[in-house]
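A.B. asks: Pasting the sequence and the predicted model now:
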Amino acid sequence: MKALSLRELEATARSLLNPRIHDLFAGGSDDEVSLRANEDAFARLGLIPRVLRGRGEPRLDTDLLGCRVALPIVIAPTAFHRLAHPEGERATARAAAAAGAILTVSMASTTAIEELAQAGGPLWFQLYLQPDRGFTEALVRRVEAAGCKALVVTVDSPVFGRRERDLRNGFTDLPPGMCCENMRPLGPDGERGPARPIAFSPALTWEDVEWLRRTTSLPIALKGVLHPADAKRALESGVDALFVSNHGGRQLDTVPAPLELLPALADALGGRLPLLLDGGVRRGTDALKALALGARAVAIGRPVLWGLAVGGEAGVAHVLALLRSELERALTLCGCGSADDAGPELLHLSRLEQRWRTS
Ligand SMILES: Cc1cc2nc3c(=O)[nH]c(=O)nc-3n(C[C@H](O)[C@H](O)[C@H](O)COP(=O)(O)O)c2cc1C
Ligand SMILES: CCCCC(=O)C(=O)O
């Protein structure tokens, strides 16, 4: 029986997964305050529909960083898909391609980027800038050659978050036979060396982003920019988009939900950069709320892992199909013909917030 919602799918995945793997996917850092905040923020924000607008069937297709996509829902980068299903990222890539959705391939993907490109769908590649610029540049060339359409540079990880579930469970490394395939340097004959560990560096600066800007002509999105002052700084570095994200509550704990930070970031940027949002998106109404507050698209992390765990490619296809139909229904119920029709007037802001936003 197919799950009727992402919540049902999550429960099924939990019953199927090894508890250590489930915790690795589900967990957040420290007290998991941010993890809980992400979903709560959507539940707390109400929608007030418009009626009798006659907009017909809503359209979901849009442009994201030069890619024409069938829906404003992107697959966020998540590590280690082969821990969820033997076909791992290959299954995810096929489901994304069939749905016309972008897959953001994690730097910690357990499948090589060249294999994922064979699925034929649009791919973005997530990068942790490595202190070894030579390695980073070689990886950028590799993902360019594989046909990736953008780089998503994660900037919220100057050090890895402390995930107490993994410490308790003793999860330290991938099992034998699995590694971060894109961390294996390619030799001159195309043979792959042993995988390097991913470095998380507190020494990175905007200059490193500007170096990357000079090094590639691919569009660059920065993932994990949350402060309006950093959003403005990002404009100067020549990047093309921002992911408003607290890394699914896995890095700095007690960071508010991205949904709550979105309005201030949208105000600071005044439309000069497209914003994507991830963290806690589990329903079409969640996606609609983010779009109404100014996001161009949302991204989903854990739901894809639940889909993979339950049904491999078909499971991920089901996740995308559920969210797609829920978003269509939510737009229709709000009297919107597309995301362009969805603005903050659909949101039930408290009196206090209304006063703040109009002052
Ligand atoms: C198991 C797991 C692995 C992740 N791996 C990465 C990663 O390799 N790189 C990255 O930038 N973000 C990573 N993230 C964060 C996601 O890209 C995304 O920000 C987050 O999962 C969104 O929240 P959601 O899971 O509530 O949808 C990971 C998240 C999870 C749950
Ligand atoms: C070395 C793997 C990094 C994955 C990651 O970013 C996460 O688990 O949140």
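C.D. replies: Yes, it's here. Ligands and ions are numbered 1, 2, ... in the order given.

A.B. asks: what's around residue 343, how many residues?
C.D. replies: 14 (other CB atoms under 10 Å). Just so you know, the C-beta spots here come from the backbone N, C-alpha and C atoms, and that holds for glycine as well.

A.B. asks: so who does the residue most central in space within the chain touch?
C.D. replies: The centre of the chain sits closest to residue 76, judged by CA atoms, centre = their mean, with a distance of 2.4 Å. Taking CB atoms under 8 Å, 6 or more residues apart in numbering, we find residue 76 in contact with 104, 243, 245, 248, 278, 299-301, 304.

A.B. asks: Apart from its neighbours in sequence, what residue is nearest it?
C.D. replies: Of all residues not flanking residue 76 in the chain, residue 299 sits nearest, at 3.8 Å (CB to CB, 6 or more residues apart in numbering).

A.B. asks: Where does that neighbour fall, secondary structure wise?
C.D. replies: Assigned by DSSP states H and E, residue 299 belongs to strand 297-300.

A.B. asks: Give me the helices and strands touching that strand, please.
C.D. replies: Under the contact definition 3 or more CB pairs under 8 Å, 6 or more residues apart in numbering; DSSP states H and E, strand 297-300 sits against strand 73-75, strand 275-278, helix 284-292.

A.B. asks: Mind putting these into a markdown table with distance to ligand 2 and mean neighbour count?
C.D. replies: As requested, those are exported to a markdown table (distance: least, CB to the nearest ligand atom, whole Å; neighbours: other CB atoms under 10 Å):
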| stretch | distance to ligand 2 | mean neighbour count |
| --- | --- | --- |
| strand 73-75 | 14 | 26 |
| strand 275-278 | 12 | 26 |
| helix 284-292 | 20 | 25 |
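
A.B. asks: Go through the ones you listed and name the closest to residue 220.
C.D. replies: strand 275-278 (12.9 Å; CB to CB).

A.B. asks: Setting the sequence-adjacent residues aside, check what's closest to residue 143.
C.D. replies: Closest to residue 143 by CB to CB, 6+ apart is residue 125, at 4.2 Å.

A.B. asks: In contact with the residue in the stretch 151-300 of the chain positioned nearest to ligand 1, which residues?
C.D. replies: Proximity of the stretch 151-300 of the chain to ligand 1 (CB to the nearest ligand atom) peaks at residue 248, 2.9 Å away. Going by CB under 8 Å, 6+ apart, residue 248 touches 28, 35, 38, 76, 278-280, 301-302.

A.B. asks: out of these, which is most surrounded?
C.D. replies: residue 279 (32 neighbours).

A.B. asks: Spit out the contact partners of that one.
C.D. replies: 34, 38, 245-249, 257-259, 301 are the contacts of residue 279 under CB under 8 Å, 6+ apart.

A.B. asks: Strands - which of these land there?
C.D. replies: Members of those lying in strands (criterion: DSSP state E): none.

A.B. asks: which ones among these are found in helices?
C.D. replies: Per DSSP state H, helices hold the following members of the contacts of residue 279: 34, 38, 258-259.

A.B. asks: Columns distance to residue 87 and pLDDT on top of those, output as a markdown table?
C.D. replies: Compiled in a markdown table, the ones in helices among the contacts of residue 279 are given as follows (distance: CB to CB, whole Å; pLDDT from 0 to 100):
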| residue | distance to residue 87 | pLDDT |
| --- | --- | --- |
| 34 | 31 | 98 |
| 38 | 28 | 98 |
| 258 | 30 | 98 |
| 259 | 33 | 98 |
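
A.B. asks: filter those down to the ones close to ligand 1.
C.D. replies: Near ligand 1, judged by CB under 6 Å from any ligand atom, the entries from the ones in helices among the contacts of residue 279 are residue 38.

A.B. asks: need the helices for the stretch 151-300 of the chain, in chain order.
C.D. replies: Using DSSP state H, counting those that start in this stretch, the helices of the stretch 151-300 of the chain run over residues 164-169, 206-215, 228-236, 258-269, 284-292.

A.B. asks: I'm done for today, thanks for sticking with me.
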